[in-house]
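[1] Kindly return the folded structure for what I paste below:
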Amino acid sequence: MRSAFRKISRVGSLVGATKWYLTDDCLLAAKNTMYAVEYRRFYLRDLESIVVWPSRWWLLRPMIPGLLFGVAAAMLWYWANPIAGEVAIGAGVLWVAAELALGPTAKSRIRTTGATVDLPIVKRTRRAQRVLAKIDAAIRAAGGGAAEPVSAAASAPQPAAPSTEFKPEAAPAAARVGDLT
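    Modelled structure (predicted):
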């Protein structure tokens, strides 16, 4: 039997990973930390926004290994031989080039009607557009979210006036209690 959940993203870390799954009506985050798994479900109709931006300190990711390889290369060059130093320099340059080619790391925030959650949805910002396009397509297929964006050229706001159409004391008790589900 085929699962209705399809994996759209995985963000790994040293202590675990967060896997993102998409169905017809929800977005599921499975956050695996060591031996525990925490699930978060976001219904597509309740999603207000998903924002992904580059991390502020993403340049430290290539700089720290580059500096460490540079120090190791200098030490190897001086104490061992120049070939070992050149190998360390080559490894450092390749590491820095790979990190810069992959682009900035990402942070993300998911807003729903009831909560705001900071969970990584992608590791790098260059992959964010593809993942968000899949989520957007699922939201449009489910018919959730805002039906149409509000136009900026809306009519001038009306002054607040007391409404005479609805009198709360005249309504039955069952009408005052809304459906909270």
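[2] Look at Val122 and tell me its secondary structure.
    coil (DSSP: H, G, I helix; E, B strand; the rest coil).
[3] For it, grab the count of nearby residues.
    22 (other C-beta atoms under 10 Å). (Each C-beta comes from the backbone N, C-alpha and C, glycine too.)
[4] same check, this time on Asp118
    Neighbour tally, Asp118, other C-beta under 10 Å: 9.
[5] quick one: least confident helix or strand in the protein?
    helix 173-176 (a mean of 40; mean pLDDT, DSSP states H and E).
[6] OK, contacts around Gly103?
    Residues near Gly103 by C-beta atoms under 8 Å, 6 or more residues apart in numbering: Arg124, Thr125, Arg126.
[7] Weed out the non-buried ones from those.
    For those, a burial check counting by 16 or more other C-beta atoms under 10 Å picks out Arg124, Thr125.
[8] measure Glu86 to Ala98 for me?
    Distance of Glu86 to Ala98, given as C-beta to C-beta, to the nearest Å: 19 Å.
[9] just Met75 next, same as before
    23 Å.
[10] Please apply the same query to Val117.
    In terms of C-beta to C-beta, Val117 sits 31 Å off from Ala98.
[11] The chain: strands as residue ranges?
    6-12, 16-22, 26-33, 36-43, 47-54, 106-112, 116-117 (DSSP state E).
[12] Mean pLDDT added to those, as JSON lines?
    Shown next, in JSON lines, are the strands of the chain (pLDDT from 0 to 100):
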{"stretch": "strand 6-12", "mean pLDDT": "89"}
{"stretch": "strand 16-22", "mean pLDDT": "91"}
{"stretch": "strand 26-33", "mean pLDDT": "91"}
{"stretch": "strand 36-43", "mean pLDDT": "92"}
{"stretch": "strand 47-54", "mean pLDDT": "89"}
{"stretch": "strand 106-112", "mean pLDDT": "90"}
{"stretch": "strand 116-117", "mean pLDDT": "90"}
